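*Asks:* Sequence and computational prediction follow.
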Amino acid sequence: MPDPRSGISRRQLLGLGLAGSAAVAAESLLATPAVAHPRRVRGAGTTLERTLLRGSPGAGGYRRIVIGPGEPHLLRADLLPPEQLGRAARRDRRRHALIALGQLTDMHVLDAQSPARVEFLDRYDDPGSPLASILPFEGAYRAQEMLTAHVADAMVRAMRRVHHAPVTGLPLAFAITTGDNVDNTQYNELRWQIDVLDGGTVRPDSGDLTKYEGVADLVNPDPFYWHPDGAAPGGSPDLRISQLGFPTVPGLLDACRAPFDAGGLGLPWLSVFGNHDGLVQGNLPSSPAVAGLATGPVKITGLPPGTDVLQLAIGLGQGDPAALQTLFSGPFRLVSADANRRPLSREETIAEHFVTTGAPLGHGYSDWNRQTGNAYYAFDRGRVRGIVLDTVNPFGGPDGSIDATQLAWLEDQLQRSSRHHLDPAGEVVRGRGPDRLVVIFSHHTIGTMTNDAGVGRVLGGEILELLLRYPNVVLWVNGHTHRNTVTPYARAADAPVPGGFWEVNTAAHIDWPQQSRIVELVDNGDGTLSIYGTLLDHAGPPSWESDPSTPLQLAALSRELGANDWQNPAVTAAEDGRRGRREDRNVELLLPAPFALTGHH
């Protein structure tokens, strides 16, 4: 990544007339914010009150979930200049709450019975596999993957229960899902995800609705998959049960497919585009061959004998049709076809957000987004401008980037939100204000925007350099890594404007620890701004019952299975990698206020 202190070349504004209508005025999206003063922290229902931890290993190393103490907010002043550090210790009643919002991310609501899934590739990334460190197949299979809709519902219920932010007491203005809302671009997955957020009856089933037809059943059982019904008659238990202590849960494959009533968020929600929302398995552009496989009756169960897995991975990464043909030429089983598994184009995915009972209509996307397939937009909420980036590379690959037109649109949005900013030489110049605090939302992090496939892609380093020229940018909220991380990005020490911005990255719903985050912005009234981040566990209980059938019990089982995933760094390393370090979880993030906030609405 380029040094953020170095200068950058100015890009010409491109395509702004076309992209201009992607900026959606917030007052048409979201109601006027409430005003409150920060008060005593009320952490009920959040990780301020209690945490959930992996317990001691039992048979095979399998760990149950245990309750741990709550974690108060940890103060981080990385971006404050020395002369303001003293003020941070003398905050008083002049503080003014600005906004509170909820972040949901990496739901990966998926159809575990889909023929378009390639679970058989996952084993090549298992611990002990000779190619595990270089192959991109991690996460192609998870033991808990048939329970993603239940986890999404449990997370929505937890956020709805909290409703008011713990520090400011503000009601949540909106929630935003920062990408990978589904797993495989399928129509049925997206409908389940939208319906969970809106509320209503959800049936996470496909194909033959009278039986389960995925890799977890006992039709030709593969020992690399978890089979909750146990061993087939006369057969042996799978590796997770026999070696890792995983439980048997008879009847789960029926319970996970049963219809349930989703609670719904009960507040406005916005959507962000992730690589799994736009690419097959988050990696490959769709094609007629993929669409035919997804909706048809043939389920590939392995690679052709003698396949060079490393060469296959390279070919898939380069979009080689021969590699795709190899992937689809292995042994197979017959399953029930289902037209609702059809992959969606970008335009179709965006359009589906207009088929909703929730608010706002389109969930951030405008008619311009629906017509062009571009998934970036902007909105205003009081003194805050939200800028949503589309960081998915349509040429393929899991990591992110944007194109030159979107970069020009981004710079235009930043100038419209700032009375002053820095030019490429570091000099203060006039913008086109009025001043707003700018919060960026995307799926990818700065560090994972490294995907240069195609022509003219703009990577994370260049975007970082642009944002550091705009002091009104205070926060970037994202997902993708499936880990909790909080990172400061500072301007050069000799810059005429001190500070920088914070990047807040939140763990996934599909993987341990299955968390979301509440974000609050507070004007401290002393020239500094506080950003509070509070993690939220889903509403499933810490322990599941022996015969789980309700959505919350199924979500609890999913969390425990995720905590024992043998590809999970939490299982193989001393540090619980996906929960993050202490400074990545519940935090108060200080930075200089870029302009006078209180009393200038």
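*Replies:* Looks like it came in fine.

*Asks:* in the lengthiest helix in the chain, what's buried?
*Replies:* Longest helix of the chain, by residue count under DSSP state H: helix 148-162. For helix 148-162, a neighbour-count test (16 or more other C-beta atoms under 10 Å) marks 148-160, 162 as buried. Yep, even glycine has a C-beta here, placed from its N, CA and C like the rest.

*Asks:* what's the following helix or strand after that helix?
*Replies:* Toward the C-terminus, helix 148-162 is succeeded by strand 175-178 as the next helix or strand (DSSP states H and E).

*Asks:* Partner strands of that next one and their direction?
*Replies:* Paired neighbours of strand 175-178 in the sheet (DSSP bridges): strand 96-104 (parallel), strand 269-272 (parallel).

*Asks:* which of these sits most buried?
*Replies:* strand 269-272 (a mean of 27; mean count of other C-beta atoms under 10 Å).

*Asks:* Quick one: distance of that strand to the chain centre.
*Replies:* Mean C-alpha position of strand 269-272 versus that of the full chain (C-alpha atoms, centre = their mean, to the nearest Å) differs by 11 Å.

*Asks:* Going forward, the N-terminal residue is numbered 133.
*Replies:* Fine by me, first position is 133 from now on; the one you just mentioned is strand 401-404.

*Asks:* just checking, what packs against the longest helix of the chain?
*Replies:* strand 228-236, helix 319-330, strand 392-394, strand 647-655, strand 660-669, helix 683-695 (3 or more C-beta pairs under 8 Å, 6 or more residues apart in numbering; DSSP states H and E).

*Asks:* Now it: average pLDDT?
*Replies:* For helix 280-294, mean pLDDT rounds to 97.

*Asks:* same deal with stretch 598-614?
*Replies:* 97.

*Asks:* got the CA positions of that stretch in CSV?
*Replies:* The C-alpha coordinates for stretch 598-614 follow below in CSV (Å, rounded to 0.1, in the frame of the first residue of the first chain):
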residue,chain,number,x,y,z
LEU,A,598,-7.7,10.8,-1.6
LEU,A,599,-9.6,10.4,1.6
LEU,A,600,-6.8,11.8,3.8
ARG,A,601,-7.1,15.0,1.8
TYR,A,602,-10.6,15.5,3.2
PRO,A,603,-10.6,16.2,6.9
ASN,A,604,-14.4,15.7,7.0
VAL,A,605,-13.9,12.0,6.4
VAL,A,606,-14.0,10.6,9.9
LEU,A,607,-14.9,6.9,9.5
TRP,A,608,-14.9,4.0,7.1
VAL,A,609,-17.2,1.0,8.0
ASN,A,610,-16.8,-2.3,6.3
GLY,A,611,-16.6,-6.1,6.4
HIS,A,612,-15.2,-8.9,4.2
THR,A,613,-12.4,-10.1,6.5
HIS,A,614,-14.8,-11.9,8.9
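
*Asks:* So which bits of stretch 554-565 are buried?
*Replies:* Per 16+ other C-beta under 10 Å, stretch 554-565 contains these buried residues: Leu554, Gly558, Gly563.

*Asks:* Please name whichever of the strands paired with strand 307-310 is nearest to Tyr319.
*Replies:* Checking the strands paired with strand 307-310 against Tyr319 by C-beta to C-beta gives strand 401-404 as the closest, at 15.6 Å.

*Asks:* Which strands and helices lie in contact with the helix or strand just after that closest one?
*Replies:* Going down the chain from strand 401-404, the next helix or strand is helix 407-410, by DSSP H and E. Packing contacts for helix 407-410, counted by 3+ C-beta pairs under 8 Å, 6+ apart, involve helix 478-484.

*Asks:* Pull the distance from the helix it packs on to the chain's centre.
*Replies:* 19 Å.

*Asks:* next one: stretch 349-365
*Replies:* 31 Å.

*Asks:* Stretch 493-505 too?
*Replies:* The answer for stretch 493-505 is 20 Å, by C-alpha atoms, centre = their mean.

*Asks:* And stretch 485-494, by the same measure?
*Replies:* With C-alpha atoms, centre = their mean, you get 20 Å for stretch 485-494.

*Asks:* who touches that stretch?
*Replies:* With contact meaning C-beta atoms under 8 Å, 6 or more residues apart in numbering, stretch 485-494 is reached by 160-162, 326, 329-332, 396-397, 400-403, 482, 495-497, 501-502.

*Asks:* Run through this protein and note the low-pLDDT ranges.
*Replies:* 133-172, 218-225, 702-707, 730-733 (pLDDT under 70).

*Asks:* Let me know the helix or strand that the residue of it most remote from its centre is in.
*Replies:* The outermost residue of the chain relative to its centre, with distances by C-alpha atoms, centre = their mean, is Gly366 at 42.2 Å. Assigned by DSSP H and E, Gly366 belongs to no helix or strand.

*Asks:* Quick check: it vs Pro355, distance?
*Replies:* Gly366 sits 14 Å away from Pro355, going by C-beta to C-beta, to the nearest Å.

*Asks:* likewise Val606?
*Replies:* Distance from Val606 to Pro355, by C-beta to C-beta: 51 Å.

*Asks:* out of those two, which sits in the busier spot?
*Replies:* Val606 (24 against 17; other C-beta atoms under 10 Å).

*Asks:* and that one, what helix or strand is that in?
*Replies:* Per DSSP H and E: strand 605-610 holds Val606.

*Asks:* buried ones in that strand?
*Replies:* Val605, Val606, Leu607, Trp608, Val609, Asn610.

*Asks:* Does it pack against any helices or strands, and if so which?
*Replies:* strand 307-310, strand 569-573, strand 632-637, strand 647-655, strand 660-669.

*Asks:* angle of the fourth one against strand 660-669?
*Replies:* Here the directions of strand 647-655 and strand 660-669 differ by 160 degrees (axes from the mean of the first three to the mean of the last three C-alpha atoms, to 10 degrees).

*Asks:* Show me what strand 647-655 is packed up against.
*Replies:* For strand 647-655, the elements it packs on are strand 228-236, helix 280-294, strand 605-610, strand 660-669, judged by 3+ C-beta pairs under 8 Å, 6+ apart.

*Asks:* mind putting the buried residues of helix 280-294 in CSV, distance to Tyr621 included?
*Replies:* Putting the buried residues of helix 280-294 into CSV (distance: C-beta to C-beta, whole Å) gives the following:
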residue, distance to Tyr621
Thr280, 32
Ala281, 36
His282, 36
Val283, 31
Ala284, 31
Asp285, 35
Ala286, 33
Met287, 28
Val288, 31
Arg289, 34
Ala290, 30
Met291, 28
Arg292, 33
Val294, 29
